[in-house]
Every structure is written in structure tokens, then in C-alpha cells.
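>>> quick one: sequence plus predicted model below, questions after.
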There are 2 protein chains.
Amino acid sequence: MPDSFEAKSTKSQLNAINDALAEGNTALVMGLLQELKPCDVALLLESSRTRSRLDIWQLIQPDLYSDVLEELSEDVRNGIIDKMLPEIVTDALEEMDTDDLVETLHSLPEAVSQDLLSAMDEQDRQRAELGLSYGEETAGFIMNTDTITLRPKINVDVILRYLRLKGDIPEHTDTLYVVDNENKLMGGVAITQLITAAPDVPVESLIKDSISIPVDMEDGEVANLFERYDWLSAPVVDANNHLLGRITIDDVVDIIREDAEHSMMSMAGLDDEEDTFAPVVKSTQRRTLWLGVNLFTALMAAMVSDLFETTLSELAVLAILNTIVPSMGGVAGNQTLTLVIRGMALGHVTGSNARWLISKELAIGFLNGVIWAVLIASVIALWKQDLMLGAVIAFAMMINMIAAGLAGATLPMVMKKLKIDPALAGSVILTTITDVVGIFAFLGTATWLLL
Amino acid sequence: MPDSFEAKSTKSQLNAINDALAEGNTALVMGLLQELKPCDVALLLESSRTRSRLDIWQLIQPDLYSDVLEELSEDVRNGIIDKMLPEIVTDALEEMDTDDLVETLHSLPEAVSQDLLSAMDEQDRQRAELGLSYGEETAGFIMNTDTITLRPKINVDVILRYLRLKGDIPEHTDTLYVVDNENKLMGGVAITQLITAAPDVPVESLIKDSISIPVDMEDGEVANLFERYDWLSAPVVDANNHLLGRITIDDVVDIIREDAEHSMMSMAGLDDEEDTFAPVVKSTQRRTLWLGVNLFTALMAAMVSDLFETTLSELAVLAILNTIVPSMGGVAGNQTLTLVIRGMALGHVTGSNARWLISKELAIGFLNGVIWAVLIASVIALWKQDLMLGAVIAFAMMINMIAAGLAGATLPMVMKKLKIDPALAGSVILTTITDVVGIFAFLGTATWLLL
């Protein structure tokens, strides 16, 4: 009886390797590495800083290269490939499943991937070039070609005998595909159906539901379908319904995780491939763009305040309170923005309810405005003993909360139409709007009423 | 041959239903609803506003209730259950798989779920209470009990005959479990192995890798294991290795999606169950807490500025520039915070590399400080024709960028130790720190050097 799997064991193995690495005990590291699965070796590499990664890589058995590379994130993988001999990379690539091969080649610099492609053998080059031709983020890009196909008239017992002779069924195969003599997809038959069916029925009588994914479907949409219909795999077809390959749930899980990370990282102004353990200079470079954009918008807000320099110099209290209204608008607007981006990703926000959603968020903005205007007016009236000042900040709060609701709801819709990723730029545009509107409303009203 | 599945078709079906609803053509809506799968009915309900949801619900066939309820998100589901007759809810619950039954009961108000439980029949109540006893976010909470178990000595051909007689294999079954006569798990045998194995070998000889999930493992960790090892299902065991049930990939996909949404929504200050189409008042309530917290921190920043009222009244230019340093610190700190939160979720950040990561982020903070200090000093020196003012803002920028890196890296680690969700409160605490440090550094230095 094999040992029972324990989740803790991987952690203690990784700790043991780290200790052995720190001691420079190479023999021990090699021994420990041999006990790890490729995905755990990948976890070890991703949890190490760049320099240690290459030390560890030297100690891995070459026959594991392709399995480990498949599991690594883009940044880490490319960093390692960069230091490997081209012949060894080519060998590793040729052993990969088509989807991993295509993704790896695509993520490398054009010149490097061209060199690798031309060094690969004919058959592998062809499957790579075919996959690359579908373009990133499509069903064709993530599909595998290891499908088992059946002819419609063959009986269940013949198929079971054939499978037993074949002996090896590709990983994650839950469904075999029935195709006609032009390789057009007729439908799928689950392996569990084959087991429970009578031996003497033709397989075509077992076809139930026929699903298929067009080869050019966007991968996010593929993921939504898998999630909604609880599929384990789905066949991929061309425009004429010819079977090209299949997509399996393990790749879809990766897409779901990557899409979610992309949204979260983009909204914080990070490149979503940023590697936690990349060197300082590289990480700093990757974060520069966003900080630059933010400096620009902060300067813009400062310039708006600059228009009211006279007011500010006469009433220092306005300077003290100047950040409250923009800050509240930013938070309220980001709440709406995030909710609408999520609603669009889940397919809940459509043409027919967009208008209603905008008016709902406007109403929430109005209600928020009333609540926080009353509250801030009371606080300021008490703190600064100035009723008029309270009224001014309350009015600015009203205006900015409504602007925040409107901008938060409409921005993602407009950006989607313009094919800009709302998660990436939505938040910074929104904050600029709420900063500018907030400062104008507050200092403008103050200039008008208090001077 | 069945029609080929098209992704577009669901969209057009949903549009047709919305049109029919708008026209009040009840008969047409009912007809169209009958063509939809339960998950598509759920999508329709989630894409509709609250009032329309109940109209649609009235038109659904009662035998679909349990399937549709299973697919709905918590908020929408509870809203509908609230309006249903208790007897009908009980009937629907009894038809659910254990994991959905447990989740639904758990999400309802205590009093409602107790009433429903006591109205359920003995057997269903027991499986529900057992699941509830494991506690939310554990493996026991999300497992199903529909496992097929085998005895070790039985031959493959006997098992295949048994399955054929049984005729019905539970959904998403890729592996059957071998248990000893005390129901202790010995390991799993894939269905594909059964098909390709020789008929006369005992099933125990086919056991390869033995994996198992402890019933009290956190569901996020379960999801990480599924993702890392590309599992389709995994057995759940108690502390004595007795087989209790199994977890399937479709439930894990839901957990991954929910966890990712939770992080994204929490970081924007939203309750992660907030329903896009909830009524205005309810949505406003749900967003109030975060806006209140933000008002508090904005007032705190204002009070820090208030300490420098004399400085601000003498130099209005400081009021104009007062937001730049806090804003840049907030963005840089949130970049670090998000990266560390992600690293912890992926299991990359561990005790052994935490210290290195903090020093890395401090170094990035220093480098960012240098870059943006030089830039902002040049801009301000040119704009305001004041070298000293440029030097002051540059110094404040340096201080705040380093504070941002330190706070962004350490906060999630400290919060995790205190068992506070860093995605929920990390961002607001971080922004408070970068606001306070930024204002102190800028106005303090200005008071010291410019007055």
C-alpha cells in the first residue's frame, strides 16, 4: 500500500532543500530534488530568488526539463531558457504537449523562438506553427491534439477491445469523439457511458449532447463555458466542424486563475507577469509606468488646486480639507468600477441592462452623496465651528459622489467598446475624474461663497 | 445527429426571453425557458434586476428549482428562497447534491435554515448536518458523498460487469476508490486504467499514486493542490484515513473563481457577495462600511495637515502640492501589497524568503524614491521657480516611497499572523500610513526649511 499523501510533506521537502542549498550540500539537494514531482520543482523555483534558481536548475535531471518548464510562469521560464543551451531547450520543447509548446514559444522573444523553431524536427515544428497561427488567447492556442476519435458504426465492445490493446489513454480523457469519414465532429461519448453501455450497440447511439468550441473563440469565453456547464473537456472544431483537438479543464483552470490575477494586478498597477522574486532593478522598471501615470494625474490635480491659489492663501483651512472630497469620490467610484468590470466578465452586464445599471449606480451615487454630505458637514461644522464651511464641503461631496457613480459605471462600458482593458486603465482614469471634479467642486464653491 | 453547440445561441436565447418579458408575453417566456439548461436559467436570473427575477422564477418548471438554485450566487439565491413557500424549498433542497445543500443552508439566516432542516426527511437532514458540522471553507464542506468504492481483491472484469449492471456512474467520476474492510482508503484507480487493464488482475494491483485530502483542510489549499497536480477529483478522509467522500474539479473551479473575486472585490472595498443588480438601498448599505472607514482615514490625514495650519496659511503653494507625495506613496505601496498578497496565496512567500522579500521591496522603495524625487524636484523647480521647494518635496518623496515599500511588504505578513484578511483591510491601512507619512514628511520639512 503506498503512503498516504500529505499536503504538509511538500512544504517540509521544500524547506529541507532550502536548508541543503544554504549549506551548499549539492549531493543532498540532488537527492531531495529527485523525490519531487515536476510541479513541486516548479514551485521551488518560483519561490526562490533569481540567482538561486539557476543553481537549482543545474541540479535537476535533464529528462525533467520539459515537465518543469511547462509548470513555470512566463517570467521565470524565460529567465531559465535564456541561460540554457539551445539544443537542450529544443529537446525539452519537443517533448511538450502542443499547448505548452505553443505558449512557451509565443512568450519568448521573436528571434529566440524563430531559432528554436528552425532547430526543431519537422513534425514538432509543424504542430507548433499551427498552434501559433491561431493567435494568443484563442481556443486554438490552448488546445491539445491528442484526441481519440471513433467511427459512428463501431460497437462498444470493439472500442473497449481497441482501447485495451492501445493500452495508453491520454491524460484527462473523459470523452472520446465520434467523427464521420470527413473528420467532421458528430459528438462525444463519455468513457463512463462506454463502460455502462451494452457491448453490442454502435457508438453513434450513445451520442447525447453535442458540444464544440470554435477554434477562434476567445479563451476567456471558453473558460466561462467550462465553468457554467461543468465540462471536463470539450472538442475544438474549425468553421466546417472538422475536429481539430480538445481543451481540458486543467488548462481552463490556469486561464481562470490568470484572468483573475490579471484583473487584480492590473487594478493595482502591476504587470501581471511580474515575478515576486525578480531582481530589484527589473521589478522597479516594471512598476515605473504606473507610477509615472499617477504622477501625471497627481500633477493635474495640483494644477486644478493651483487655479485657486488666492482662495487657498486666504483660507488655510481649505488646504487642510482639500483631500477629503476627492478621496471619498475615488473610493465610491472604484467600488462601482470594480462591480461593473466583474459583471461584464461574468456576462451579467449586457446591452439590455446597461442603461438600467448606469441609472442604478447614479442613484447610489446620489444616496451616498446625501449620507456623506450630511456626515462631513456635521463633522466640519463641529471641528472648525463654521456652518458655511460645512455646507460648502457637503455640496462638493454631493457633486463628486454623483460624478463617481456615473464615471464608475460608464467608463468600463466605454473602454470595452474602444477595446481597452478596463482593469488596466479604468482605475487611473476614474481617480483623475474624481480628483478633478472633487477639487473643482470644493475650491470653486468655497471661492464663490466664502471669500 | 444533434445540432452543433454554439456559444452565441445562449445569448440570443436570453435576449429573446428579455424581449418576451418586456412585452409581457408569458406563454412565450415559458416556452423559451424550457429550452434553457439550469445554468442558463441561473445566468438569466443573475443578469436581471431583483423585481424581474421573481417574475421569471414563477415561470420556471418546479422540477428545475433545485438545479437552478444550485447554480445561483448566494445573494440572488437567498432573495428567491425568501419568497418561496417553505415546503417547496425543502423539496428542492432534498434533491441537491450534498455540497450544494450544505452551502445553501449555511448561507441562509440561522432561523430559516433550522426551520428548513427540521422539515427535511431524516436521511437528508443527517447528510446536511454532517456537512455543516465541518465548518465553512473546509474540504468537508465542499465534498460529495457519491463515491464508488471497490474491495482490493476483486478482479477488473468483475468490476466492469458490476458497473454495467449498476448502469449509473455519478457525474465527474474519473477515479474509483479502493478501501479495506474498515473503509480505510487504500488508493484510487482511474476508470481509464480499468478499461486498459487485463481483465483478470485484482484492482489493488492497479493502485498507483495514493492521494487524499484531510476533511478539515482549508478549501483554498484544496484548490491549490488541484491546480498544482492537475487533479480531476480527490478523496476526502478523516484523521484515521476513513474515506468520507470526494471533491471534484467543478467545485474547485468555483472556489478558485470565488477566491479571486474575493480578493479583487475586497481590495476595492466591496462585499464580495454584492449582486450587481441588487436594489439601490441595499447596495448603498453594503458600500457604506468602506466609505465610512475611508472618511475616517481622510479625516486623519486632514488632522495631520491641520498641525501645519500656520505653514499652510503662509505658503499656499504647499497646499497645492500636498497631495502629490501621499498619492505616489499610496500607489507604490499598493503595488507591493498586491504582489505580496498574491505571492502568499500562491504559496511562494514562506518563512524562509519573507525577510529577503521585505528587503527587496525596501530596495525598490529606495530606488523608486530616488527616481521620483529627482523627477518631481525638477518639475516643481521649473513650475514654481523654487529650488528649495523642489528639494523639500524630493526629500518627502524619498521618505514616503521607502515607507510604502516597507508597509506594503510587512502588512500582509503581519495581518496573516493576526488572521486578518490582507485583501480586505490591507489597502486601507496602507493608504493611511502613506498619507500620514507623506503629509508629515512634506509639511514637516517645509515648516523646518521654508518658513
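Done, it's in. Numbering: from 1, shown residues only, chains lettered A, B, ... in the order given.
>>> interface residues of the stretch 51-200 of chain A facing chain B?
For the stretch 51-200 of chain A, the contact set with chain B under CB under 8 Å from any CB of the partner chain comprises A:160, A:163-164, A:166-169, A:171-174, A:185-187, A:191-192, A:194-198. The way it works is simple: take the backbone N, C-alpha and C, and place the C-beta from them, glycine included.
>>> which ones among those lie within helices?
Among those, the residues falling in helices (DSSP state H) are A:160, A:163, A:164, A:166, A:191, A:192, A:194, A:195, A:196.
>>> ok, the second one - contacts?
The reference is to residue A:163. Residue A:163 makes contacts with A:148, A:169, B:195, B:196, as judged by CB atoms under 8 Å, 6 or more residues apart in numbering or on different chains.
>>> change it to 7 Å
A:169, B:195, B:196 (CB atoms under 7 Å, 6 or more residues apart in numbering or on different chains).
>>> burial measure for the first one, as a count.
When you say that, I think you mean residue A:169. 18 (other CB atoms under 10 Å in any protein chain shown).
>>> now it. Nearest residue, chain neighbours left out?
residue B:192 (4.3 Å; CB to CB, 6 or more residues apart in numbering or on different chains).
>>> and for the second one?
On the basis of CB to CB, 6+ apart, the spatially nearest residue to residue B:195 that is not a chain neighbour turns out to be residue A:163, at 5.2 Å.
>>> any idea how far that neighbour lies from residue B:119?
48 Å (CB to CB, to the nearest Å).
>>> how about low-confidence regions in chain A?
A:1-9, A:209 (pLDDT under 70).
>>> where do the strands sit along it?
Using DSSP state E, the strands of chain A run over residues A:149-150, A:175-179, A:185-190, A:213-214, A:233-237, A:243-248.
>>> for the first one, packing partners?
Here strand A:149-150 touches strand A:175-179, going by 3 or more CB pairs under 7 Å, 6 or more residues apart in numbering or on different chains; DSSP states H and E.
>>> partner strands of the strand it packs on and their direction?
strand A:149-150 (parallel), strand A:185-190 (antiparallel) (DSSP bridges).
>>> list the buried residues for the last one?
The reference is to strand A:185-190. For strand A:185-190, the neighbour count (16 or more other CB atoms under 10 Å in any protein chain shown) marks A:185, A:186, A:187, A:188, A:189, A:190 as buried.
>>> which residues does the fourth one contact?
In this case it means residue A:188. By CB under 7 Å, 6+ apart, the neighbours of residue A:188 are A:175, A:176, A:177, A:235.
>>> what are the bridge partners for it, then?
residue A:177.
>>> any idea how far it is from residue A:237?
12 Å.
>>> same check on the first one?
Counting by CB to CB, the separation of residue A:185 from residue A:237 is 5 Å.
>>> what's the answer for the third one, then?
When CB to CB is applied, the distance between residue A:187 and residue A:237 equals 11 Å.
>>> equivalent analysis for residue A:59, please.
Relative to residue A:237, and taking CB to CB, residue A:59 is found at 44 Å.
>>> looking at those two now, which is surrounded by more residues?
Using other CB under 10 Å, the more surrounded residue of residue A:59 and residue A:237 is residue A:237, with 23 against 17.
>>> quick check: that one touching residue A:243?
Yes: if you go by CB atoms under 7 Å, residue A:237 and residue A:243 touch, sitting 5.9 Å apart.
>>> common neighbours of the two, please.
Residues touching both residue A:237 and residue A:243 (CB under 7 Å, 6+ apart) are residue A:185.
>>> which residues does the residue nearest the centre of chain A contact?
With distances taken as CA atoms, centre = their mean, residue A:259 lies nearest the centre of chain A, 2.0 Å away. By CB under 7 Å, 6+ apart, the residues touching residue A:259 are A:220, A:223.
>>> same thing but at 10 Å, please
A:137, A:219, A:220, A:223, A:224, A:272, A:345, A:423, B:257, B:260 (CB atoms under 10 Å, 6 or more residues apart in numbering or on different chains).
>>> greatest separation within those residues: which pair is it?
Across the contacts of residue A:259, no pair lies farther apart than A:224 and A:272, at 19.1 Å, counting by CB to CB.
>>> which helix runs longest in chain A?
Chain A, longest helix under DSSP H: helix A:351-384.
>>> what about residue A:61, how many residues nearby?
By other CB under 10 Å, neighbour count at residue A:61 equals 11.
>>> which one of the residues in the stretch 151-300 of chain A is closest to chain B?
residue A:260 (3.0 Å; CB to the nearest CB).
>>> now do the contacts for the nearest residue to that residue once chain neighbours are set aside.
Nearest residue to residue A:260, sequence neighbours excluded (CB to CB, 6+ apart): residue B:260, at 3.0 Å. Residues near residue B:260 by CB under 10 Å, 6+ apart: A:256, A:257, A:258, A:259, A:260, A:261, A:262, A:263, A:264, B:272, B:345.
>>> top of those residues by number of neighbours, please.
residue A:264 (25 neighbours).
>>> need the nearest residue in space to it, chain neighbours excluded.
Closest residue to residue A:264 apart from its sequence neighbours, by CB to CB, 6+ apart: residue B:264 at 4.9 Å.
>>> and the one you found, how far is that from residue A:281?
Computed as CB to CB, the residue B:264 to residue A:281 distance reads 29 Å.
>>> re the thing from before, which one (most neighbours) among the ones in helices among the residues of the stretch 51-200 of chain A next to chain B?
residue A:191 (24 neighbours).
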